[in-house]
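**Student:** Quick one, structure for this:
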Amino acid sequence: MADHDSRERFLALGEAVIGAYAYIASLLEDLPIPVIIPDIVQVAEEGGDLADVLLALNRVRAVVEDEPISEYHRRAFEHMLLDWFAAYEIITLVRVAGPAPWRLDVVEFALNRLVTWAEVIENDEQDDDES
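**Tutor:** Now for the predicted structure:
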């Protein structure tokens, strides 16, 4: 039973990591100077190199520094991206080393932080629109 629960949790968190990437892509497209990143699902389905996707997302960390947004928002994007990388790296480790409970907890924790940063970004954007 515990193995089944771990497997189910692993699959759900893996889907959440991919969903979070799509959410990040949407937020990046909404920047004053839109940033487009590769579609991770499309790259995977076409047999492309996921390392290219990861490198592209890492480059976004530098690109965001040049966006005409507040320093607070730059840091929010930076933290959100790093949390996504943490979740992705650990979910990848789980595929290789197995779903130890702490590994799955780390993925979940990183995703929760990512959502918090994304909400900060979105809520502040809405406040800017209203003023």
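**Student:** D39: what's it in contact with?
**Tutor:** Applying Cβ atoms under 8 Å, 6 or more residues apart in numbering to D39 gives the contacts A25. (Glycine included, C-beta is placed from N, CA and C.)
**Student:** mind checking pLDDT for it?
**Tutor:** We have a pLDDT of 97 for D39.
**Student:** do P99 as well
**Tutor:** Predicted confidence (pLDDT) for P99: 81.
**Student:** so it touches E8, yeah?
**Tutor:** No - using Cβ atoms under 8 Å, P99 is not in contact with E8; the gap is 9.8 Å.
**Student:** what about the two, which has more around it?
**Tutor:** Each of P99 and E8 has its neighbours counted (other Cβ atoms under 10 Å); P99 has more, 22 against 11.
**Student:** Got the phi and psi for the more buried one?
**Tutor:** Main-chain torsions, P99, degrees, to the nearest 10: phi -90, psi 60.
**Student:** Identify each buried residue in the helix or strand hosting V96, please.
**Tutor:** V96 belongs to helix 71-97 when assigned by DSSP states H and E. For helix 71-97, the buried set under the neighbour-count rule, 16 or more other Cβ atoms under 10 Å, comprises 73, 76-77, 80-88, 90-91, 94.
**Student:** now do stretch 55-67
**Tutor:** Neighbour counts over stretch 55-67 (16+ other Cβ under 10 Å) mark 56-57, 60, 64, 67 as buried.
**Student:** out of those residues, who's nearest L114?
**Tutor:** L57 (12.6 Å; Cβ to Cβ).
**Student:** Run through the residues that contact the closest one.
**Tutor:** 21, 24, 37, 81, 84-85.
**Student:** Closest to A44 out of those?
**Tutor:** Comparing the contacts of L57 against A44 with Cβ to Cβ places Y21 closest, at 10.8 Å.
**Student:** if I pick the closest one, what's in contact with it?
**Tutor:** Here Y21 is in contact with 40, 57, 84, 88 (criterion: Cβ under 8 Å, 6+ apart).
**Student:** Widest-spaced pair of these?
**Tutor:** Maximum distance among those (Cβ to Cβ): 10.5 Å, for I40 and W84.
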